[in-house]
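Participant: Here is the input, now give the coordinates:
(2 chains)
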Amino acid sequence: MKKVILKGRAMHGGIAEGEAVVTKEGLGGMSVFDMNTGRVVEIGSDINGQNVKGKILVFKCGKGSSSWVLWHQVLRFMAVSPKAYIVKECNPQTALGAAVLRCPFITEFDDDPTQVISTGDWVKVNGDKGVVEIIKKE
Amino acid sequence: MKLSSDERLMIDGKAGPAKQKAMELLVRYAQALDATSFVNCTNVTLILGALPDPEYIQKIVPSLDADEIASKIFLASDDIVKVDRVATFTSTNAYFYDQAFPNVQRGGKEACDLSKKIEDYCKRIGIVHLATCTPYQSGNIPIKGEHCAWTESSAIAFCNSVLGARTNIEGPHSSFASCITGKTPLHGMHLGSNRLAKVVVNVEVEMSTIFDWNLLGYYMGKQVGLEVPAYTGIKVPPDLNMLMALCSSGIASGSIVMFHIVGVTPEAPTLEIATGNAKVAKMMKYGYSERRMAYQMVNFSKKDDVDVVVLGCPHYSLERLSTVTRMLEGKKIHQNVALYITTCRTNKSIVDRLGYTEIIRRAGGIVLEDSCGNILDLKPFQVFATDSAKLVRYIPGMTGIQNIWCGTTEDCIEAAISGKWRGDMK
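Facilitator: You can find the predicted model right below:
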């Protein structure tokens, strides 16, 4: 079982673990999810059809509507949100997400998390220390 | 973080619980950004209208009380706090319902009532209710260098790129906290060095229509990530509609919060000034093949029979309203097609008095104020046509529609009249 450690800058603390869903692209908020289930419905997205509920969401950066955080917050209120957010490049949309979403958020890693982590890997997130442990899917 | 005495007062609760909650949220936000101080902001646009449909709000805040919605959702607070009055000039942004047409907007009367409740709340706390994604069309025009906290993606790009005012991409929560406190993190686009171009894009194709500018923005939004691009090679300077198209499409498909057009926009009199004489990380071209790819990204309908045509994203300008009125005068749109045109309440009141609204109504179209293509009551099986690349990006997720055409305003009006899409990349 191959283990990889990534170190980054903590944006919000907390501990979580789960299966990764990874997009190498920017991730939006508005018009991206089915708010009842957490399934990605955005046409053209490389994670279209996947579900983020209870997952560790790994993505390049925030994109799209400035209401980004609102839709992620509604996922949380509807109990279908990811357990933690791993963001390659921080921008104001994701920083506001860290301030609002009450779950571990880490950014600016020593290596590109969208390359190191693959969908299906098991990921342990320590938002207090800014450390992510990845157990690669066999 | 370095806090000034008034910021300290707010976070210590000495300015009341609402300012305390707002300041706490801003401090968490600033720390996540890695910012170390705040700047006073003198212009805020608030996107409190951007609420999910009432079925979700009822589950989150069953009382539907505006103070509770504002506290629980927009201040991310478990305690309900009452905001007395905003601390700085603030106007509302898009995503409100046109109260005159409850039946054509998703959620009908119930959703209109919730929208009105939020409108009344905004008015109560001293916010100027403009209800538009184009505040600059309705009298909110910040000046070059002014520190703002703006929401609504296309307006943010317009504020930075076209007006030369300074804003980050603020969300409903951070802009709300900023209008309560008058503060925003000193970070990102508030700092001159971050406003310099890191990517230079040489535009090799003619840019003669608004649609050309939609395609340029949509393509580049997918390419440049969080970087600021500078466009060169533009032979004919864009007009207001073209700039609105570039602003809205580049941040709908991606994250372009600021761009330069060399020789046109205020911080790019020359390429050297736009880049700060620094080595540019990336040189790119936008030619015919790139434009063709962009066209394919925004056109994915399998059917030619059009059911609904939506114009006015971002909110239509007086020029567009005038042009479309001329195209529709004395005509009738096809019996199977619905035509909606969204604009700001200021432009709507002018076109009402000019008689344009009535001409469009007689042709079979509806001009809506405040509203947005994304809140129209559309059905997943419908075939949708628009002249806005931004709308293409959001309509599938908001309505379930899968068949979409995007072209020039002329293509759209032709489709509304004939019921068939005949547009193509010219």
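Participant: what number of residues lie near residue B:117?
Facilitator: 14 (other Cβ atoms under 10 Å in any protein chain shown). (Glycine included, C-beta is placed from N, CA and C.)
Participant: Ok, residue B:128 next?
Facilitator: 18.
Participant: so what's the residue of the stretch 201-350 of chain B found nearest chain A closest to, chain neighbours aside?
Facilitator: Nearest residue of the stretch 201-350 of chain B to chain A, counting by Cβ to the nearest Cβ: residue B:255, 4.5 Å away. Nearest non-adjacent residue to residue B:255, counting by Cβ to Cβ, 6 or more residues apart in numbering or on different chains: residue A:63, 4.5 Å away.
Participant: Pretty sure that neighbour sits against residue B:250.
Facilitator: No. Residue A:63 is beyond contact range of residue B:250, at 10.4 Å (criterion: Cβ atoms under 8 Å).
Participant: Spit out the residues that contact the two alike.
Facilitator: residue B:221 (Cβ atoms under 8 Å, 6 or more residues apart in numbering or on different chains).
Participant: Which one's more surrounded, these two?
Facilitator: Set residue A:63 next to residue B:250 and count neighbours by other Cβ under 10 Å: residue B:250 wins out with 32 against 29.
Participant: any idea of the mean pLDDT in whichever strand or helix holds the more buried one?
Facilitator: Using DSSP states H and E, residue B:250 falls within helix B:240-252. Summarised as a single mean, pLDDT over helix B:240-252 is 97.
Participant: elements contacting that helix?
Facilitator: Contacts defined by 3 or more Cβ pairs under 8 Å, 6 or more residues apart in numbering or on different chains; DSSP states H and E place helix B:240-252 against helix B:153-161, helix B:210-223, helix B:318-328, helix B:389-399.
Participant: could you redo the last one with a cut-off of 10 Å?
Facilitator: helix B:153-161, helix B:210-223, strand B:260-261, helix B:288-298, helix B:318-328, helix B:389-399 (3 or more Cβ pairs under 10 Å, 6 or more residues apart in numbering or on different chains; DSSP states H and E).
Participant: Go ahead and name everything in contact with the third one.
Facilitator: Right, the one you point to is strand B:260-261. Among residues not part of strand B:260-261, those counted as contacts by Cβ atoms under 10 Å, 6 or more residues apart in numbering or on different chains are B:160-162, B:195-197, B:200-201, B:203, B:207, B:228-234, B:237-238, B:242-243, B:246, B:266-269, B:271, B:273-275.
Participant: ok, back up a step: export the helix holding residue B:250 as PDB, just CAs?
Facilitator: Presented in PDB, the C-alpha positions along helix B:240-252 are these (Å, rounded to 0.1, in the frame of the first residue of the first chain):
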ATOM      1  CA  LEU B 240     -19.800  48.700 -24.000                       C
ATOM      2  CA  ASN B 241     -21.700  45.600 -25.100                       C
ATOM      3  CA  MET B 242     -18.400  43.900 -26.200                       C
ATOM      4  CA  LEU B 243     -16.700  44.700 -23.000                       C
ATOM      5  CA  MET B 244     -19.700  43.300 -21.000                       C
ATOM      6  CA  ALA B 245     -19.400  40.100 -23.100                       C
ATOM      7  CA  LEU B 246     -15.700  39.700 -22.500                       C
ATOM      8  CA  CYS B 247     -16.100  40.300 -18.800                       C
ATOM      9  CA  SER B 248     -19.000  37.900 -18.300                       C
ATOM     10  CA  SER B 249     -17.700  35.000 -20.500                       C
ATOM     11  CA  GLY B 250     -14.100  35.000 -19.200                       C
ATOM     12  CA  ILE B 251     -15.300  34.500 -15.600                       C
ATOM     13  CA  ALA B 252     -18.100  32.200 -16.400                       C
END
